[in-house]
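Undergrad: could you look at this predicted model? Sequence included:
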Amino acid sequence: MMKQNSEPLLELRALTKEYGRGVALAGVNLSVRSGELVALVGPSGSGKSTVLSLIAGFQVPTSGQILLRGQDISRLAPGQRELGVVFQNYALFPHMTIAENVGYPLKLRGWDPARRRERVAEVLDLVRLNGHEAKRPRQLSGGQQQRAALARVLSFEPPLLLMDEPLSALDREIRGEMKAEIRRIHRELGTTILYVTHDRDEALALSDRVAILRGGHLVAVGPPTELFRAPTSAFVGRFFSGHNILPIANATAADSGHARIQIGGGEVVVRATAFGSGTRTCLALPPHNVRLQPEPGMPNLPARVVDVAYLGHETEVIFLINSETHIVGRFPYGIKIPDPGEAIDLYLSLEGAVLVVDDVGAEDVGRVELQQLELA
Ligand SMILES: Nc1ncnc2c1ncn2[C@@H]1O[C@H](COP(=O)(O)OP(=O)(O)OP(=O)(O)O)[C@@H](O)[C@H]1O
């Protein structure tokens, strides 16, 4: 987050990868500034690994360009690109010590042993692995091995670090530690990082910007908290923000960035990130906006409780409204939660709800007639 400047270090221009008739990536344009950490997120099969693999040079694009500091590298061999790559499986050499593993890229580059030792000590210090130099990888924990793999790529100071789900093989606690470690290293070194994850929390915790892929298309790019709070489409709202997506029939544009929706004879103005006449619009409603008690001005919604899951600090409840649409609510610990099967009235706070264009696809969502709602 520090040491950023506006110069694009990496530029993807209309990057496309086809396999036979399948399109893994369809014309992706993305610019990554020097010093930035960009998280590439998207559902399984959306093309995240393909982007990384094309940049690393493990595959050749069908068309489009990959520019590193303005030079097209898309046809260079992987070894000529000088990029650091960290994958989910640490890929340390099992027969080498940790110091030998970390110093290996430097040996390949012809560094003399004394300079190598010095640099290895420096990066092991950076990832807090000093004292483990003489051990073999199998003598380290998963988190330590992943830190050693990180030290190995950091040793030669690559201009760009590519990380593909680097934490997904680690258990929850170590993942938390490694997240903090990556954040610290990024802050201290200002390394530019492109980070693939399907984990929204990881993207929120680590990145300066998030790029969201869907079916090979880049559908949104922006600061993570902004996209989280104000999703730019129904897909982003559902996949990245975890909001309820409720298609609505009766929205009209208000002033710029807002829209009016009519509810049971009343009218509510909500923020709208994308709104156009002719497009189907949806309300993206955070699960925390669902209430079990009426508050002034809140529309109510008859519902039935389908499932209750205790998450520790809060409880997630799935409700069924109008026989086919589910809506998820999250409630703080201590609130009385109705039992599965119970019929109740839900109340929706529209504060922070956002109107978005429906790109999820009719097959994915049920339909809610908001006219059914009554303003309290
Ligand atoms: N070698 C290949 N041959 C044919 N199709 C492929 C090949 N590699 C990937 N694909 C297809 O390209 C699309 C994108 O795959 P990719 O692995 O980039 O997705 P991803 O977002 O990284 O998924 P995941 O999160 O599951 O790793 C998928 O539909 C996948 O089936």
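TA: Here it is on my side, so go on.
Undergrad: what parts of this protein come near the ligand?
TA: Residues of the chain lying close to the ligand (Cβ under 6 Å from any ligand atom) are 19, 22, 24, 42, 44-50, 198. (C-beta placed from N, C-alpha, C; glycine too.)
Undergrad: what number of residues lie near residue 322?
TA: Number of residues near residue 322 (other Cβ atoms under 10 Å) recorded here: 14.
Undergrad: look at it and report its pLDDT.
TA: Per-residue pLDDT puts residue 322 at 75.
Undergrad: distance of it from residue 117?
TA: Distance of residue 322 to residue 117, given as Cβ to Cβ, to the nearest Å: 69 Å.
Undergrad: got a markdown table for the residues of the chain next to the ligand, with secondary structure too?
TA: Formatted as a markdown table, the residues of the chain next to the ligand follow (DSSP: H, G, I helix; E, B strand; the rest coil):
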| residue | secondary structure |
| --- | --- |
| 19 | strand |
| 22 | strand |
| 24 | strand |
| 42 | coil |
| 44 | coil |
| 45 | coil |
| 46 | coil |
| 47 | coil |
| 48 | helix |
| 49 | helix |
| 50 | helix |
| 198 | coil |
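Undergrad: secondary structure element holding the closest residue to residue 8 other than its chain neighbours?
TA: Nearest non-adjacent residue to residue 8, counting by Cβ to Cβ, 6 or more residues apart in numbering: residue 31, 4.4 Å away. Per DSSP states H and E, residue 31 falls inside strand 22-33.
Undergrad: strands paired with the next helix or strand after that strand, and their directions?
TA: Using DSSP H and E, the helix or strand that follows strand 22-33 in sequence is strand 37-41. Counting by DSSP bridges, the strands paired with strand 37-41 are strand 192-196 (parallel), strand 209-214 (parallel).
Undergrad: just name the most buried of those strands.
TA: Neighbour counts (mean count of other Cβ atoms under 10 Å) averaged over each of the strands paired with strand 37-41 peak at strand 192-196, with a mean of 26.
Undergrad: other residues contacting that strand?
TA: If you take Cβ atoms under 8 Å, 6 or more residues apart in numbering as the criterion, strand 192-196 is touched by 9-10, 32-41, 48-49, 51-52, 55, 159-166, 182, 186, 202-203, 206-207.
Undergrad: quick check: angle from that strand to strand 22-33?
TA: Our comparison of strand 192-196 with strand 22-33, counting by axes from the mean of the first three to the mean of the last three Cα atoms, to 10 degrees, yields an angle of 150 degrees.
Undergrad: chain center to strand 192-196, what's the gap?
TA: Averaged C-alpha coordinates place strand 192-196 at 11 Å from its chain's average position (Cα atoms, centre = their mean, to the nearest Å).
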